[in-house]
Structures are given as structure tokens and as C-alpha cells.
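[1] Prediction below, plus the sequence it came from.
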Amino acid sequence: MSQDSETPEQPETPETPAEPTPPATPPPAEPPAMQPPTTPPVAQPAAPVAGAPALKPGQGGLAIAAFVCGLGGIFTSWCCIGLPLAIAAVVCGILGKKDAEKRGASSWMWITGLTLGIVSLVIFVIVVIVSGLNTDFNTTEFNIN
């Protein structure tokens, strides 16, 4: 027999990778999923009737015109430009009332314009009466000194 120095072969064991070590601290927990806030449904405005123009919210143009003309009339009521502005303020104020009621808008602007227009008319009339009373229509002399 030959002497072979054969050693019995041992099966090779595959090297097993080292097991992963757990982290020292656990990973942070995920925050709970955020739900959007629930709000009650909002009633939608009714659609306008076919053929009718949709009214925009807010003040109408006539109420704004009454307010602006009333302010202008008050500041110019002592001269001739105050008269047409006062008349325009009164007319726009009356028409603006109807428009504001139809729109459901606040009434302060047309009321203020109408009031300022009436006050402007009264001031204009007082200025005309006072200036007429202070004029002597019987003299034709002009004293220029």
C-alpha cells in the first residue's frame, strides 16, 4: 500500500457573514399620517336665472357716484360747480338705494352721498340768498380804491 498521506478531507464550511448588529437606539417612529382638517360643506350660491346678468357683490356704481359727488358738492357748494354735483349726488343716491337693495350691499355709501348732496344744496341756496341780499342793485357806481 502506498502511503499516501492523505488526510481525510474536511468539508469546507463557508464563512458565514457576521450578523448585523442592531443599532444602539431604535429608529425614530414615523409620525402618524396627517389627515386634512374636515370642514363642513359650504352651500354654493344659486345660479342666476338664464338671461339675467349675475350681480357682483359689493357696492354698486351709483352708490359710489353719490358718495363722490356728495363730497365734491360739499367742498364746492359755495361756487357754481357745487350745484350740479349736489344734484348728481341726490339723484345717484336715490338710484343707488334701489341698486344696493337689489345687491344686498351695505347702505352707508348711498346714504352718505344723498345726505351730503342735500346739505350741499342747502348751503348753495343759503349762499345765493345771502349774496343776493348783500347786493345793491340800484347803484351803478363802482368804487375802486
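    Great, that's in hand.
[2] Can you check which helix is longest in the chain?
    Within the chain, and with DSSP state H defining each element, the longest helix by residue count is helix 108-133.
[3] Now do it, average pLDDT.
    Model confidence over helix 108-133, given as mean pLDDT, is 91.
[4] shift numbering so it begins at 55
    Yes, from this point I'll number from 55; that puts the last item at helix 162-187.
[5] where exactly do the helices run in this structure?
    Shown for the chain, the helices assigned by DSSP H span residues 115-129, 136-157, 162-187.
[6] Which one, of these, ends up nearest to Ile198?
    The closest approach between Ile198 and any of those, judged by C-beta to C-beta, belongs to helix 162-187 at 20.0 Å. Bear in mind the C-beta positions are built from the backbone N, C-alpha and C, glycine included.
[7] ok so, going back, taking the helices of the chain together, which one is wrapped up most tightly?
    Compared across the helices of the chain, helix 115-129 shows the largest average neighbour count, a mean of 21 (mean count of other C-beta atoms under 10 Å).
[8] Report the mean per-residue pLDDT for it.
    The predicted model gives helix 115-129 an average pLDDT of 91.
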